[in-house]
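[1] The following block contains a protein sequence and its predicted model.
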Amino acid sequence: MAEEPGLHPDRHPDPHNAFVEQAAIAGVPDGPLAGLTFAVKDNIAVKDQMFTAGHPLFADRRASDSATAVTALFAAGADFVGMAQTDAGGFGASTLQTKNPAAPDLIVGGSSGGSAAAVAAGHCDFALGTDTGGSVRIPAACTGLYGFKPTYGRVSNDGVFPLTPQLDHVGVIASSLDILERSARVLLDADAQNENATKTGPGTTPDRLRIAVEIDRASLFDQAISDELDRAAEVLSDAGHEVVRLAVPGRENIADAHGVIVLSEASAIYADLTEDQRNNLGKAAASALRHAKNLHAEEITAAWEWARAADGRLQKVFENHDVLISPTLPIAPPAADARRIQLGGGEHPVVVGMTLLTCLANLTGNPVIGLPNPLSRVLPRTGLQLLGPMKHDEALFGISARIEADLAGATAP
């Protein structure tokens, strides 16, 4: 890998502010990702590049070495184009400093918003992000892209600035399902010696899938999103799959538990900072850490109990089903400057609404692929998330391709 001479950020206009720093580093001459380009979220280390995690406190910090995931991509032949913007510390779901190339008036999502913007604007084919409560899948959904969060432990977190180590995942945002799969397989293979890795190949996708489609009995989804989900269930059933509608109980309680766990774990990450240093963190991070001080041990214990219960319920779903389909977001992406949204009859902070449906897979560790719904009639298209059984990451790509094709077939003239 070598820095390409003569390349300067001025030669690559960035009107959406997708990057904190642009660069050009080539991967090996050949490999499974040769010819593809990628960006990296600014909380994942790339040697000699900015590594600020979005914090003013770390504005001058540069990485001394590359994260395991980045090294794997270079070894597979992918070329690096720059460090992408993030919500400070990964605490948010907005990336307010970055514009949405797919819909300028709408939020780009976060915290991997710069990664999504870099792909959506055509700067690169795919981008690395981190996903602690949906931070890869949310911006992918806001920009009409594809996102992947692996099974917890399948992709190394070495070289990642942590938010909540027990929930943090390195993931990918890509312009197509094919590129998403190609890049994800490199990351999964790079960690193949991990005891959590799948030991068998991806196998063959069954002709008749056993599909669970979430039904919104708590009235949390916008009507248009509920209607699209109903239509997806109908199309997949007509395509010959076994489709069952089921509710995911306690969605709001799961989200509350996730929020408590994130704050309590993140508080430990930043515990050694002085008061002056805390005041020099990003605004969202500083605010979150102040809230963390008010948590009681009982709240944290109860949150983990909720997480374990949700995990148990979800794993039972996969005893009889190959995949669970849910919306990525319960609402359409809000306006770019939105701070609060209407959700389930009440008003909530944006981060609550954006992570309501995504955070479950972080608590359980299940793999998820997010894709734009071919049946959607809005732009960017509404996101669907496909959750699979633990450690079945490779198989989930085959399932997702089959489902996407069946849904797309229903829209053909």
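    Alright, I've got the coordinates. Numbers count the residues shown, from 1 in each chain.
[2] got a list of what residue 375 touches?
    Residue 375 makes contacts with 228, 231-232, 235, 407, 410-411, as judged by C-beta atoms under 8 Å, 6 or more residues apart in numbering. For glycine as for every other residue, the C-beta is placed from the backbone atoms N, C-alpha and C.
[3] Walking through the protein, point out its strands one by one.
    19-25, 37-41, 79-84, 126-131, 146-149, 169-174, 210-214, 242-246, 323-327, 340-343, 346-349, 368-372, 383-387 (DSSP state E).
[4] any idea which of those strands is most buried?
    strand 146-149 (a mean of 32; mean count of other C-beta atoms under 10 Å).
[5] quick revisit: out of the contacts of residue 375, which one sits closest to residue 89?
    residue 228 (33.3 Å; C-beta to C-beta).
[6] That closest one - how many residues pack around it?
    22 (other C-beta atoms under 10 Å).
[7] same thing with residue 12?
    Residues near residue 12, counting by other C-beta under 10 Å, number 14.
[8] Give me the spatial nearest neighbour of it, chain neighbours excluded.
    The shortest distance from residue 12 to any non-neighbouring residue, by C-beta to C-beta, 6 or more residues apart in numbering, is to residue 22 (5.4 Å).
[9] got it, and residue 372?
    Nearest one to residue 372, counting by C-beta to C-beta, 6+ apart, is residue 381 at 3.8 Å.
[10] Ok, residue 23 next?
    residue 82 is the one closest to residue 23 (C-beta to C-beta, 6+ apart), at 5.5 Å.
[11] Repeat that for residue 164.
    That would be residue 265: by C-beta to C-beta, 6+ apart, it lies 4.0 Å from residue 164.
[12] ok, now how distant is the one you found from residue 166?
    6 Å (C-beta to C-beta, to the nearest Å).
[13] So if I had to pick from these two, which one is more boxed in?
    Remark: of residue 265 and residue 166, residue 265 carries more neighbours, 19 against 15, as counted by other C-beta under 10 Å.
[14] Would you mind confirming that the more buried one is in contact with residue 133?
    No. Between residue 265 and residue 133 there is no contact, the gap being 11.6 Å when judged by C-beta atoms under 8 Å.
[15] what do these two both touch?
    Contacts common to residue 265 and residue 133, judged by C-beta under 8 Å, 6+ apart, are residue 167.
[16] can you list the domains in this protein?
    The record's domain split for the chain, according to automatic domain parsing, is 9-190, 210-409.
[17] got TSV for those, with distance to residue 204 and mean pLDDT too?
    Formatted as TSV, these follow (distance: least, C-beta to C-beta, whole Å; pLDDT from 0 to 100):
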stretch	distance to residue 204	mean pLDDT
domain 9-190	15	97
domain 210-409	7	96
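[18] send the alpha carbons of stretch 101-116 over as CSV?
    Provided in CSV are the C-alpha atoms of stretch 101-116 (Å, rounded to 0.1, in the frame of the first residue of the first chain):
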residue,chain,number,x,y,z
PRO,A,101,-26.8,13.3,-1.2
ALA,A,102,-29.9,11.3,-1.9
ALA,A,103,-32.3,13.7,-0.3
PRO,A,104,-30.8,17.1,0.6
ASP,A,105,-33.8,18.2,2.7
LEU,A,106,-33.7,15.0,4.9
ILE,A,107,-31.4,13.8,7.6
VAL,A,108,-28.5,11.7,6.5
GLY,A,109,-28.7,9.5,9.6
GLY,A,110,-25.9,8.4,11.9
SER,A,111,-23.7,7.9,13.5
SER,A,112,-22.0,6.6,10.3
GLY,A,113,-23.6,9.4,8.3
GLY,A,114,-20.4,10.4,6.6
SER,A,115,-19.8,6.8,5.4
ALA,A,116,-23.3,6.7,3.9
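[19] Check which residues of it are buried.
    Neighbour counts over stretch 101-116 (16 or more other C-beta atoms under 10 Å) mark 101-103, 106-116 as buried.
[20] Who are the contact partners of the residue nearest to residue 220 when sequence neighbours are not counted?
    In space, and not counting its chain neighbours, residue 220 is closest to residue 344: 4.4 Å by C-beta to C-beta, 6+ apart. With contacts taken as C-beta under 8 Å, 6+ apart, residue 344 has the following neighbours: 218-220, 252, 330.
[21] who wins for most neighbours among those residues?
    residue 330 (23 neighbours).
[22] coming back round to it: tell me the one among the buried residues of stretch 101-116 nearest to residue 125.
    residue 115 (12.0 Å).
[23] Please look at that closest one and residue 125 and confirm they touch.
    No. Using C-beta under 8 Å, residue 115 is not in contact with residue 125; the gap is 12.0 Å.
[24] For the residue lying closest to residue 121 once chain neighbours are set aside, give me its contacts.
    Excluding its sequence neighbours, the residue lying closest to residue 121 (C-beta to C-beta, 6+ apart) is residue 101, at 4.1 Å. Going by C-beta under 8 Å, 6+ apart, residue 101 touches 16, 18, 117, 120-122, 143.
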